[in-house]
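> just the structure for this:
(chains A, B, C and D)
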There are 2 protein chains.
Amino acid sequence: MSRREPPAQSSTSTSTSTSTSAYHHGDLPNALRASAVDVIRSHGLHGFSLREVARRAGVSHAAPGYHFGDARGLLTAVAVEGFETLRDALALAVEGIDDPIDRLVAIGRGYVRVATEHPAHCEVMFRDDVLEADDEQLATEGLGAYEILETTVAQLAARYNPRLEVQPAARLCWSAMQGLVALHAKFSTIDALQGRPTMSLDEHVERFTRLMVDGLLHEEPTQPARPPRRPTRR
Amino acid sequence: MSRREPPAQSSTSTSTSTSTSAYHHGDLPNALRASAVDVIRSHGLHGFSLREVARRAGVSHAAPGYHFGDARGLLTAVAVEGFETLRDALALAVEGIDDPIDRLVAIGRGYVRVATEHPAHCEVMFRDDVLEADDEQLATEGLGAYEILETTVAQLAARYNPRLEVQPAARLCWSAMQGLVALHAKFSTIDALQGRPTMSLDEHVERFTRLMVDGLLHEEPTQPARPPRRPTRR
DNA sequence: GGATTGATCGTGACACTGTCAAGCGATCGG
DNA sequence: CCGATCGCTTGACAGTGTCACGATCAATCC
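Numbering: from 1, shown residues only, chains lettered A, B, ... in the order given. The predicted model follows:
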């Protein structure tokens, strides 16, 4: 055990320090994160390698290992960055909108907007197999982004359908969005095989949100043999 | 260009030829596929390597390359196998059920059943970045599984809501299921962070299907060129 | 029956990767 | 001014994908 864990870099600040060449490099961690995103964007996650990242950043091949310890560490940092931008985008998307339904639509659009503008980040954010599973910052940051959606669903429930169970509903929205970005490529190939015109991502989002909003408005926790029913406070 | 593409192995038969040691090995392709899922199940997709697969199958390190050409090729074969079992499972799940809603619920349960019983396959099936993107067999097999869902949604529309647009609705269901298996781990960590009891996969599926069924029943194709604000009539 | 052919698989080699120990240089506290 | 520590490089080792080539066996042809 020699180094492994430099002083805990200031990640939340996203400082992008303009001070070029402070002591040795400036701040390598941020530069390496940027290079990692660059590599993923051009060569895909499959072509990702610490050495390629180091090469593109102009440092030696072991430099990434010093700051992030592991490939998982660097990818986790990228994922954290992605969740930060997602949270900011969603928070900005719902800002100034009053009606919960409109907020939900805005969230859907913001989600695909982030997914299309930062594909490299999104290729990593939900890939728990290549991420530091028990990274605290990653968990809290992901939760922060999710909570925007959950509070919106809660508002929708409060105004339109008090009997709606908020948590499952919010998770359905989240899952549908996530599944959409994952499956969109496959949908396109299916469209091609069936000879139909391909539907764009935004079109899919529009249809999905409309379908789900209708579902959330009419849902009532009826029959099923689900004993742990929570009283859905009203 | 020497070999690369042996005569096109009979994959659909799933023969599992009992004839041990036919001429050289028996049929290495199937054995290698089995070893591949074994490796993925034990070491995860991250620990997957052609050499490890070869080692576990008791053949030389280049043998997998001969039959599948590439790591992508072997993983694609695994994915094809997964889609076959998924299609069979869904077809068997809806068999004998008349009501489309019940069929949809059965499909949801069958989906998570496959996801939990064959996690190694599911870890690969939707990971287009590690798959042969333009593999014909993969595309058709995936389409076959999807079409069971789509026809069920079509039946549901015909009986309960003729104004429902079938294709987007079916894709929503598919996306939600896919997103659920992808995000379930993250949901659990969120539950842990919030101190609530964790919801199992089956519980999630139950809630999701119920929510979506309500949505599919009430959906009406309103204005396609959606104006920014809908009056939210109830 | 013996030789040929082609499919099946093994061997060896190369470039590449992750990871670690050790080294070097600049910076800072004393 | 000098050691200590941080930042990063250098060098090395095992493991991997991929290719060319050699070896082995089944089936076929004459």
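> next one: A:Val37 from A:Gly82, what distance?
Taking Cβ to Cβ, to the nearest Å as the measure, A:Val37 and A:Gly82 are separated by 9 Å. For the C-beta atoms, the positions are set from N, CA and C on the backbone; glycine is no exception.
> quick one: average confidence on the lengthiest helix in chain A?
In chain A, ranked by residue count with DSSP state H as the criterion, the top helix is helix A:166-194. For helix A:166-194, mean pLDDT is 89.
> spit out the contact partners of A:Ala120.
Residues counted as contacts of A:Ala120 (Cβ atoms under 8 Å, 6 or more residues apart in numbering or on different chains) are A:Val37, A:Asp38, A:Ile40, A:Arg41, A:Val78.
> who wins for neighbours among those residues?
Across the contacts of A:Ala120, neighbour numbers were computed from other Cβ atoms under 10 Å in any protein chain shown; A:Val78 holds the maximum, 25 neighbours.
> who are the contact partners of it?
For A:Val78, the set of contacting residues under the criterion of Cβ under 8 Å, 6+ apart consists of A:Arg33, A:Ala36, A:Val37, A:Ile40, A:Ala120, A:His121, A:Val124.
> out of these, show me where the pLDDT dips lowest.
Ranked by pLDDT, those bottom out at A:Val124, which scores 92.
> is it true that A:Arg171 touches B:Glu203?
No - in this structure, A:Arg171 sits apart from B:Glu203 without contact. The criterion is Cβ atoms under 8 Å, and the distance is 10.7 Å.
> in terms of neighbours, single out the busier of the two.
Neighbours around A:Arg171 and B:Glu203, counted as other Cβ under 10 Å, are more numerous at A:Arg171. The numbers are 27 against 13.
> can you give me the helices in chain A?
So, for chain A - with DSSP H - the helices run A:28-43, A:50-57, A:63-68, A:71-94, A:100-117, A:119-125, A:136-160, A:166-194, A:201-218.
> report how many residues lie close to the closest residue to A:Gly142 other than its chain neighbours.
Distances taken as Cβ to Cβ, 6 or more residues apart in numbering or on different chains place A:Phe83 nearest to A:Gly142, at 5.1 Å, with adjacent residues excluded. For A:Phe83, the count of nearby residues is 24 (other Cβ under 10 Å).
> quick one: contacts for A:Phe83?
Taking Cβ under 8 Å, 6+ apart as the definition of contact, the neighbours of A:Phe83 are A:Met125, A:Leu138, A:Glu141, A:Gly142, A:Gly144, A:Ala145.
> what do you get if the cut-off is 7 Å, keeping everything else the same?
Counting by Cβ atoms under 7 Å, 6 or more residues apart in numbering or on different chains, A:Phe83 touches A:Met125, A:Glu141, A:Gly142, A:Ala145.
> redo the helices of chain A as TSV? Include distance to B:Arg51.
Below are these laid out as TSV (distance: least, Cβ to Cβ, whole Å):
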stretch	distance to B:Arg51
helix A:28-43	23
helix A:50-57	20
helix A:63-68	24
helix A:71-94	19
helix A:100-117	35
helix A:119-125	26
helix A:136-160	31
helix A:166-194	29
helix A:201-218	38
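> list of residues touching the helix or strand of chain A with the lowest mean pLDDT?
The helix or strand with the lowest mean pLDDT-type score in chain A, counting by mean pLDDT, DSSP states H and E, is helix A:201-218 (a mean of 87). By Cβ under 7 Å, 6+ apart, the list of residues contacting helix A:201-218 from outside reads A:101, A:104-105, A:108-109, A:112, A:116, A:156, A:160-161, A:164, A:169, A:172-173, A:176, A:180, A:184, B:168-169, B:171-172, B:211-212, B:214-216, B:218-219, B:226.
> put the buried members of those residues into a ChimeraX selection.
Those of those that meet the burial criterion (16 or more other Cβ atoms under 10 Å in any protein chain shown) are gathered into one ChimeraX selection, given here:
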select /A:101,104,105,108,109,112,156,160,161,164,169,172,173,176,180,184 /B:168,169,171,172,211,212,214,215,216,218,219
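> nearest to chain B, of the contacts of A:Val78?
Distance to chain B, by Cβ to the nearest Cβ, is smallest for A:Ile40 among the contacts of A:Val78, at 9.9 Å.
> how many neighbours does A:Arg51 have?
Residues near A:Arg51, counting by other Cβ under 10 Å, number 12.
> and the gap between it and A:Ala63?
As for A:Arg51, its distance to A:Ala63 is 10 Å (criterion: Cβ to Cβ).
> go on, A:Ala91?
According to Cβ to Cβ, A:Ala91 and A:Ala63 sit 34 Å apart.
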